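Trainee: all I have is the shape, not the residue letters:
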């Protein structure tokens, strides 16, 4: 498992559907290694901090393996690493095998997997097509966010080493499934709310789903 590309970018203003939008989704590969801090990489930033960034979403990772799928879906498009707004384009690390709370060492830093990425309209802005939002979620190729547990320098080519697993209870793929596909899976919902590392907004959403199911 390794990082193929480290991508950063500061928020910029662009026009989308007739209005001016500020977004940090435009990322470019950088070399040499850069410092990973608690809230983001050096030279990186998020525009709308109500839904992007923060302690539990400091770094966004996207598997390079998914690019093969998307290049087949959009053969007319150029899809360089960083196209999905990811900070790390990874190899050997997929949503089904990454569990919420997993800790990894990348370069000098240590990170923890927290949640999948849910697409917003800015992904449509980046691709120049609104249908990418539904297609992204339907594909289940979401990537995942990391919280930073130890700051340090990271760079392209760094290995990704699993150094700790709290519990093999809920994977990143499970969270996406509960949100969009298996909303009535009570057993998995109950396991999800017990995962310590899962952010509280997800736990609250799943508790609400449990209440709806059990009130029937």
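Mentor: Done, it's in. Note that the structure is a prediction, hence the values are computed from the model and not measured.
Trainee: and residue 78, how many neighbours does it have?
Mentor: 7 (other CB atoms under 10 Å). Backbone N, C-alpha and C define where each C-beta goes, glycine included.
Trainee: oh, that last question was meant for residue 200, not what I typed.
Mentor: Residue 200 has 8 neighbours, counted by other CB under 10 Å.
Trainee: counting contacts, what elements does the lengthiest helix in the chain pack onto?
Mentor: Longest helix of the chain, by residue count under DSSP state H: helix 200-214. Secondary-structure packing of helix 200-214 (3 or more CB pairs under 8 Å, 6 or more residues apart in numbering; DSSP states H and E): helix 172-180, helix 186-192.
Trainee: out of those, deepest packed?
Mentor: helix 172-180 (a mean of 21; mean count of other CB atoms under 10 Å).
Trainee: now that one and helix 200-214, what's the angle there?
Mentor: Relative orientation of helix 172-180 versus helix 200-214 (axes from the mean of the first three to the mean of the last three CA atoms, to 10 degrees): 50 degrees.
Trainee: what is the distance between helix 172-180 and the centre of its chain?
Mentor: Relative to the centre of its chain, helix 172-180 is centred 13 Å away, using CA atoms, centre = their mean, to the nearest Å.
Trainee: let me see the mean pLDDT of it.
Mentor: Averaged across helix 172-180, the pLDDT comes to 96.
Trainee: which residue is nearest the middle of this structure?
Mentor: residue 144 (2.9 Å; CA atoms, centre = their mean).
Trainee: beta-bridge partners for that one, please?
Mentor: Beta-bridge pairing for residue 144 (DSSP bridges): residue 61, residue 116.
Trainee: quick one: the helices in this protein, in order.
Mentor: 66-73, 121-127, 132-139, 172-180, 186-192, 200-214.
Trainee: okay if I get those as a markdown table plus distance to residue 161?
Mentor: Formatted as a markdown table, those follow (distance: least, CB to CB, whole Å):
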| stretch | distance to residue 161 |
| --- | --- |
| helix 66-73 | 22 |
| helix 121-127 | 30 |
| helix 132-139 | 28 |
| helix 172-180 | 18 |
| helix 186-192 | 26 |
| helix 200-214 | 26 |
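Trainee: between those helices, which gets nearest to residue 44?
Mentor: helix 121-127 (15.2 Å; CB to CB).
Trainee: now the closest one: buried residues?
Mentor: Counting neighbours by 16 or more other CB atoms under 10 Å, one finds that the buried residues in helix 121-127 are 122, 123, 124, 125, 126, 127.
Trainee: name the nearest of the residues you listed relative to residue 136.
Mentor: For the buried residues of helix 121-127, the nearest to residue 136 is residue 123 (6.2 Å; CB to CB).
Trainee: so the closest one touches residue 83, yeah?
Mentor: No. Assessed by CB atoms under 8 Å, residue 123 is found out of contact with residue 83, at 9.7 Å.
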